[in-house]
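J.: fold the following, please.
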Amino acid sequence: MLLALATGACILVQDPSRGPGTPPPGPAPSPRPRAERAASVVRAKELRARTVRARTIHAKEVHAREVRAGRVVRDERDAWEQGRSDEEVKAVHVVADVVYAKEIFADLVEAEVLYVKELKEGGR
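T.: Reported below is the predicted structural model:
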């Protein structure tokens, strides 16, 4: 008999109906790895997503219902221009180390540091 505890640990209790030569069942399968893998850099002219998470975001404009940032830096230097492309990115979730974008439209933006020229938080 195999007992699973809420912590995820398993305890094997010997089933008396099994003979001594019957091996116990193998370990429970491990959880599947997450399908989401962080891209190191995302570059876009326009980025539309439900959530955008990155260590560092460089953007001209951020339009989001909610922003969670360790530090927000009003950036007039246009550093977002250095890494952006002319691509339009549409995704449900964007996870990256660094994001360069002219405009970001999202429900939630999370970053350790957000360099932005214009931040519009609230209604999207």
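
J.: what residues are up against residue 56?
T.: Neighbour list for residue 56: 97, 98, 99, 111, 112, 113, 114, 115 [criterion: Cβ atoms under 8 Å, 6 or more residues apart in numbering]. (Glycine included, C-beta is placed from N, CA and C.)

J.: for residue 59, same thing?
T.: 80, 99, 100, 101, 102, 103, 104, 114, 115, 116, 117.

J.: beta partners for the fourth one?
T.: The one in question is residue 101. With DSSP bridges applied, the residues forming beta bridges to residue 101 are residue 44, residue 59.

J.: so it sits right up against residue 41, yeah?
T.: No. Between residue 101 and residue 41 there is no contact under Cβ atoms under 8 Å: 11.1 Å.

J.: who has more neighbours, these two?
T.: Higher neighbour count among residue 101 and residue 41: residue 101, with 27 against 12, using other Cβ atoms under 10 Å.

J.: would you list every one of the helices in this protein?
T.: Secondary structure of the chain (DSSP state H): helices at 80-83.

J.: quick one, strands of the protein?
T.: 2-4, 10-12, 39-74, 88-121 (DSSP state E).

J.: want to throw the ones you listed into TSV with mean pLDDT?
T.: Output for these, formatted as TSV (pLDDT from 0 to 100):
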stretch	mean pLDDT
strand 2-4	43
strand 10-12	35
strand 39-74	93
strand 88-121	94
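
J.: of the contacts of residue 59, buried ones?
T.: By neighbour count, with 16 or more other Cβ atoms under 10 Å, those hold 80, 99, 100, 101, 102, 103, 104, 114, 115, 116, 117 as buried.

J.: ok, so of those, who is nearest residue 54?
T.: Nearest to residue 54 among the buried ones among the contacts of residue 59, counting by Cβ to Cβ, is residue 99 at 4.5 Å.

J.: next up, the contacts around residue 107.
T.: By Cβ under 8 Å, 6+ apart, the contact set of residue 107 is 50, 51, 64, 65, 66, 124.

J.: which of those residues has the most neighbours?
T.: residue 64 (23 neighbours).
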